[in-house]
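Trainee: Predicted model and sequence follow; I will ask about them next.
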Amino acid sequence: MNLKDVLAAWGLNASNFKEQKIGSGHIHQTLKLEGDEDYVIQKLNTAVFKDPELIEKNIGLVREHLAKHNPDYLFLASIPTLENKNVFFDGSHYWRLTKFVANSNTIDIVENPEAAHEAAKAFGELGKHLNGISIENFEESIVNFHNLDFRFEEFKTALENGLEDRKKHATAIIDFYLANDSILKVYNEFISQNTLPKRVQHHDTKINNVLLDKTSFKALAICDLDTLMPGYFISDLGDMVRTYTSSENEDSTNWDEVKLRPAYYEALIKGYLSEIETVLSPSEKANLHYAGQFMIYMQGLRFLSDYLQGDTYYPVKYDLHNFDRAKNQMLLLESLQQYLALKGLS
């Protein structure tokens, strides 16, 4: 089905719009529609998100909560079709439409502590507004997405069944991840003792999921809501630590430069707490600095598991790509742990 027929589901005439590809994401196909009013339309990737209607149900629950408790908060929920559906199925693909936020922009690289502070503040604000929302009607859009125990079991399977030459090559890194299983033990204690409250979390808090004002660089809205689902605060905070604070991205092999930038870490924590501190529980506040360790460790495990099993999940550009990613995360985790120990925060 062509875009003309898709837009007709919303009563829009394709001839009134100019199409422009936007975004740096690799999951959905995203177009900006420029006209008298600007929109964003996405063709959803059902290989990754197998049930778009479940995702829209979760988003709808958040929209209802925010409309009741924080009606002035800008939340980018899907625009219903003429048949009052939040997604349109054309017989082959699912599509959704949202408003384009005027004068907004996204960035892929956190270039200064101020950007880390602003983005963390935006995710903290969303978390604050979702405090108290009932989670019983939400479902997981990706099952076990940030379940560290599940990811460690995947790692153990990779150790048992992985390629022998790769296991031999990765011996030192395997030993590092096994030696840091205390991070897993802390997580499992949280779960078994019900230490942390479950909250609706974004689960993908990279900087490019914050819409920034082109002029002031202040956050306008949060986007990419596919993984809005129940979880723990360590997911959102941890993902920010993992992706905002490193001087190199996860694909870098510039090993001497893969390290924590303390000013970025401190700005991030400050920005996050400026919005959400008043609703965090005592146990959450006590484990703020665990969050980054949790997420970096888990992502490193995932890269290493995939390497050992022959690169079956993450796209790679060369044979050692996932090995190098796992090493990158190992170095970042070591750097974070050294910083926390120096500050007496570990």
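Mentor: Received it, and whenever you're ready, just let me know what you need.

Trainee: by contact count, what packs against the longest helix along the chain?
Mentor: Criterion DSSP state H: the longest helix present in the chain is helix 321-343. Packing partners of helix 321-343 (3 or more Cβ pairs under 8 Å, 6 or more residues apart in numbering; DSSP states H and E): helix 171-179, helix 233-244, helix 262-276, helix 290-308. C-beta coordinates here come from the backbone N, C-alpha and C atoms, glycine included.

Trainee: what do you get if the cut-off is 7 Å, keeping everything else the same?
Mentor: On a contact count with 3 or more Cβ pairs under 7 Å, 6 or more residues apart in numbering; DSSP states H and E, helix 321-343 meets helix 171-179, helix 290-308.

Trainee: Which one of those lies nearest to Thr245?
Mentor: Nearest of the helices and strands packed on helix 321-343 to Thr245, taken as Cβ to Cβ: helix 290-308 at 7.3 Å.

Trainee: Kindly format the C-alpha coordinates of the closest one as CSV.
Mentor: The C-alpha coordinates for helix 290-308 follow below in CSV (Å, rounded to 0.1, in the frame of the first residue of the first chain):
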residue,chain,number,x,y,z
TYR,A,290,24.0,0.9,41.2
ALA,A,291,21.9,1.8,38.1
GLY,A,292,24.8,2.5,35.7
GLN,A,293,26.7,-0.7,36.8
PHE,A,294,23.5,-2.7,36.2
MET,A,295,22.9,-1.4,32.7
ILE,A,296,26.5,-1.4,31.5
TYR,A,297,27.1,-5.0,32.9
MET,A,298,23.9,-6.3,31.3
GLN,A,299,24.6,-4.8,27.9
GLY,A,300,28.2,-6.1,28.0
LEU,A,301,26.8,-9.6,28.7
ARG,A,302,24.5,-9.3,25.7
PHE,A,303,27.3,-8.3,23.4
LEU,A,304,29.5,-11.1,24.7
SER,A,305,26.8,-13.7,24.5
ASP,A,306,26.1,-12.8,20.9
TYR,A,307,29.7,-13.0,20.0
LEU,A,308,30.1,-16.4,21.6
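
Trainee: Can you report how many residues neighbour Leu163?
Mentor: Using other Cβ atoms under 10 Å, Leu163 is surrounded by 15 other residues.

Trainee: Quick check: phi and psi on it?
Mentor: The phi and psi values for Leu163, taken as degrees, to the nearest 10, are phi -70, psi 130.

Trainee: Contact partners for it?
Mentor: Leu308, Gly310 (Cβ atoms under 7 Å, 6 or more residues apart in numbering).

Trainee: Quick check: end-to-end length of stretch 20-35?
Mentor: Stretch 20-35 has an end-to-end distance of 11 Å (criterion: Cα to Cα, to the nearest Å).

Trainee: swap that for stretch 197-208, sorry
Mentor: Span of stretch 197-208 from end to end, Cα to Cα: 27 Å.

Trainee: buried residues in that stretch?
Mentor: Arg199, Val200, Gln201, His202, His203, Asp204, Thr205, Lys206, Ile207, Asn208 (16 or more other Cβ atoms under 10 Å).
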